[in-house]
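In: requesting a structural model of the entry that follows:
(chains A and B)
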Amino acid sequence: MTALIVEELGKDYRTRRGPVRALAGVSFRVEEGEVVGLLGANGAGKTTAIKILCGLLRPTSGRATVFGVSPSRPEVARRVAALLEGSRNVYWRLSVEENLRFFAGLQGVPPREARRRTGELVALFGLEDKRRTTANLLSQGMKQKLALACALVKGTPLLLLDEPTLGLDVETSHELRGFIRELARAHGKTVLLSSHDMGVVEDTCARVVILSRGRVVADDLVPNLLSLFRTQAYRVSLRDGLPERARATLAARLPTLRALEAERALEVELPPEQDVYALMDALREAGVAVDGVSRAEPDLEDVFLRIVQGER
Amino acid sequence: MTRLWTFLAVLTRFFIELKRYPFNTLSGLITLYLIFLLLFAGARYAQGLGVNLFGESLEGLVVGFLVWTFAIAAYSDLSWELMREAQQGTLEQLYMCPLGFRFVSLSWIAGSFLTSLVMVAALLGLMMVTTGQFLRLPLGTLLPLLLLTLAPVYGIGFIMAGLALVYKRIQAFFQVLQFVFVALVALPADAAWGKALPLSLGTRLLGRAMVDGETLATLPLGDVLALIGTGAFYLLVGIGVFRLFEGIAKDRGLLAHY
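Out: Got it, this is the predicted structure:
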């Protein structure tokens, strides 16, 4: 079943300086069980789209359905839960358990079931020792885990996560990525995740929808997008750095060559008619001592930047 | 049953937070008592000069002050809560309740009413001991009368909450309304227009129940019906205006702003 249908969604905000178009006819779909990333620069319309899908904002035009229900109806909350402002989504004066039970109750979950889900989530997120600690005393990472657990305790099939790893240290961010991957794999959830952190998206999402200035500029599987920008790019580690005399020679033969890491490495993108042997020949003739060569694959960040820059 | 679980969840959170801020709860009660002592001293002084400020006796002062105390909580609690939730970042989560935010706010009002009831009961005990005026407390008559008296104030509370959703800072309004409520409580409500105003008629009827021992059955039917009519009118208008502001807030994306 299609979890999310977004058709020609538009949103204009009225400001003193005139109307501002946040979304200009956005369309995409998310199938049940998918984990989809929503990418875009600041002001691209990610949060606006997510808030419309939660029923917190009214669109100016277009329509959306969440498992067949319009977000304008309160019942949509039986199908979708959201993490919108990270750790600010929980009550800081309530303990971990009290927060979880409150959000379960708010959803209409009976107390016994709310207790069961609370116990399960506390264990899943490793918050057993903190179950009676008020949220304001938790670390940033724990608050974020609690906020995600509060969205999960509602038991909705769709989760909208707006910047779920914002402000987290590397270790906690990786831990949270693991949880997000598990949501779809082990719990059958559908997830739409927006983030500035390309690592998070690449690590958790099978497909990405890229927004730029309120429009969808790409909607494809991550491997397809990566292959779209895959080039013959190589990274060369140098044993003794780049000798002065070699510079001009190399620049003439390899115009795309870039020196990296204080000239201890080089990156070069070869044209289709050249291959790695041509690169090695050029390096040998220039008298450069090579330590190692590896293929430089584009990552999602490169893809994102190229797509968005191509738009501008 | 879903409604019951949601209602209980909102109520439980309300009381947990009340317990977590004991100083705020206690200082509220003490402040109200101190205000009452000042009023009481002033009224006694005026009586000594031959001026009767609160009707026939000091009992009028006690009843009026009780209604005013309830009214202050009734109209401001919802707006304060809304502003607090927006600041905390939890308001949008409350808006994602499957029963709708109005159900959440009505549950919240029930919590606020129950708290006021406990606070006012404590205050009433203190006041009766202070004044030596012991009032009758026929709860079967008092509770419905109190709810009907406060219904218009809850309506005003919804309007204020709607304003808070869109304009955020509306504290200046609160201060003005406190004085308006004092005037409404003190109004005689003999004329038809007086009966149509919030609080005035209800305060008179509560006074008759608490001072003269009248019950719902012995109070004038016309007055009770007028009380029901004004209560329903203001409450519905309040909820309607709130919906209007809610729509504006959703259009402009103001739910998370503070």
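
In: can you name the residues that contact residue 1?
Out: By default, I'm working from chain A. Applying Cβ atoms under 8 Å, 6 or more residues apart in numbering or on different chains to A:M1 gives the contacts A:E31, A:E32, A:F67. From N, CA and C alone the C-beta is placed, and that goes for glycine too.

In: hmm, I had chain B in mind actually
Out: A:G108, A:P110.

In: and A:R253, by the same measure?
Out: By Cβ under 8 Å, 6+ apart, the neighbours of A:R253 are A:A282, A:A286.

In: quick check: phi and psi on it?
Out: Backbone torsions of A:R253, given as degrees, to the nearest 10, read phi -90, psi -30.

In: cool, A:R239 as well?
Out: According to degrees, to the nearest 10, A:R239 has phi -70, psi -50.

In: check which helix or strand covers whichever residue of chain A sits closest to chain B.
Out: Residue of chain A nearest chain B, by Cβ to the nearest Cβ: A:G105 (2.4 Å). Assessed by DSSP states H and E, A:G105 sits inside helix A:96-106.

In: contacts for that helix next, please.
Out: Helix A:96-106 is contacted from outside by A:90-91, A:94, A:111, A:113-115, A:117-118, A:121-122, A:127, A:130-133, A:135, A:138, A:146, A:149-151, A:153-155, B:5-6, B:8-10, B:12-13, B:16, B:93-94, B:97, B:104, using Cβ under 8 Å, 6+ apart.

In: let's go with 7 Å and repeat that
Out: A:90-91, A:94, A:114, A:117-118, A:121-122, A:127, A:130-133, A:135, A:146, A:149-150, A:153-154, B:5-6, B:8-9, B:13, B:16, B:97 (Cβ atoms under 7 Å, 6 or more residues apart in numbering or on different chains).

In: out of those residues, which sit inside helices?
Out: With helices taken from DSSP state H, the overlap with those comprises A:114, A:117-118, A:121-122, A:146, A:149-150, B:5-6, B:8-9, B:13, B:16.

In: contacting residues for the residue nearest the centre of chain A?
Out: Central residue of chain A (Cα atoms, centre = their mean): A:V201, 3.3 Å from the mean position. Residues in contact with A:V201 (Cβ under 7 Å, 6+ apart) are A:G37, A:L39, A:L193, A:S195, A:V208, A:L300.

In: sorry, back to before: got the contacts of A:M1 as a markdown table, with distance to A:L23 and neighbour count columns?
Out: Listed next are these as a markdown table, based on distance: Cβ to Cβ, whole Å; neighbours: other Cβ atoms under 10 Å in any protein chain shown:
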| residue | distance to A:L23 | neighbour count |
| --- | --- | --- |
| A:E31 | 22 | 12 |
| A:E32 | 24 | 15 |
| A:F67 | 21 | 18 |
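
In: in strands only, show me the residues you listed.
Out: A:E31 (DSSP state E).

In: and the contacts of A:M1 near chain B, which?
Out: The subset of these within reach of chain B, by Cβ under 7 Å from any Cβ of the partner chain, is empty.

In: run a quick neighbour tally on the residue nearest to B:G162 when sequence neighbours are not counted.
Out: What sits nearest to B:G162 in space, not counting adjacent residues and going by Cβ to Cβ, 6 or more residues apart in numbering or on different chains, is B:F245, at 3.1 Å. B:F245: 20 surrounding residues under other Cβ atoms under 10 Å in any protein chain shown.

In: could you list the low-pLDDT ranges of the stretch 51-200 of chain A?
Out: A:86-87 (pLDDT under 70).

In: can you pull the residues of it lying near chain B?
Out: So far as Cβ under 7 Å from any Cβ goes, the stretch 51-200 of chain A lies against chain B at A:51, A:54, A:56-58, A:74-75, A:77-78, A:82, A:84-85, A:88-89, A:91-94, A:98, A:102, A:105-111.

In: check contacts around residue 177.
Out: This is for chain A. A:R177 makes contacts with A:V200, A:D203, A:T204, as judged by Cβ under 7 Å, 6+ apart.

In: sorry, should have said chain B
Out: Taking Cβ under 7 Å, 6+ apart as the test, what B:L177 contacts is B:Y75.

In: need the per-residue pLDDT for it.
Out: The model reports B:L177 with a pLDDT of 85.

In: three-state assignment of it?
Out: helix (DSSP: H, G, I helix; E, B strand; the rest coil).

In: which among the ones in helices among the contacts of helix A:96-106 gets closest to A:G25?
Out: A:C150 (33.3 Å; Cβ to Cβ).

In: not counting sequence-adjacent ones, nearest residue to the closest one?
Out: Closest to A:C150 by Cβ to Cβ, 6+ apart is A:F103, at 4.4 Å.

In: measure the one you found to A:P272 for me?
Out: According to Cβ to Cβ, to the nearest Å, A:F103 and A:P272 sit 55 Å apart.

In: which of these two has more neighbours?
Out: Legend: neighbour count by other Cβ under 10 Å for A:F103 and A:P272, higher for A:F103 (32 against 7).

In: need the contact partners of stretch B:120-138.
Out: If you take Cβ under 7 Å, 6+ apart as the criterion, stretch B:120-138 is touched by B:29, B:32-33, B:36-37, B:40, B:58-59, B:62, B:66, B:69-70, B:209-211, B:213, B:215.

In: among the residues you listed, which are in helices?
Out: B:29, B:32-33, B:36-37, B:40, B:58-59, B:62, B:66, B:69-70, B:209-211.

In: circling back: so the residue nearest to the centre of chain A sits in a strand?
Out: No: counting by three-state DSSP, A:V201 is not part of a strand but helix.

In: wait, A:L193 sits on A:T204?
Out: Yes: the pair A:L193 / A:T204 is scored as a contact, 6.4 Å apart, by Cβ atoms under 7 Å.

In: got any residues that touch both of those two?
Out: With Cβ under 7 Å, 6+ apart, A:L193 and A:T204 have common neighbours A:V35, A:I180.

In: what sits against B:Q88?
Out: Listed by Cβ under 7 Å, 6+ apart, the contact partners of B:Q88 are A:R88, A:Y91, A:W92.

In: which of the ones in helices among the contacts of helix A:96-106 count as buried?
Out: A:A114, A:R117, A:T118, A:L121, A:V122, A:L146, A:A149, A:C150, B:W5, B:T6, B:A9, B:R13 (16 or more other Cβ atoms under 10 Å in any protein chain shown).
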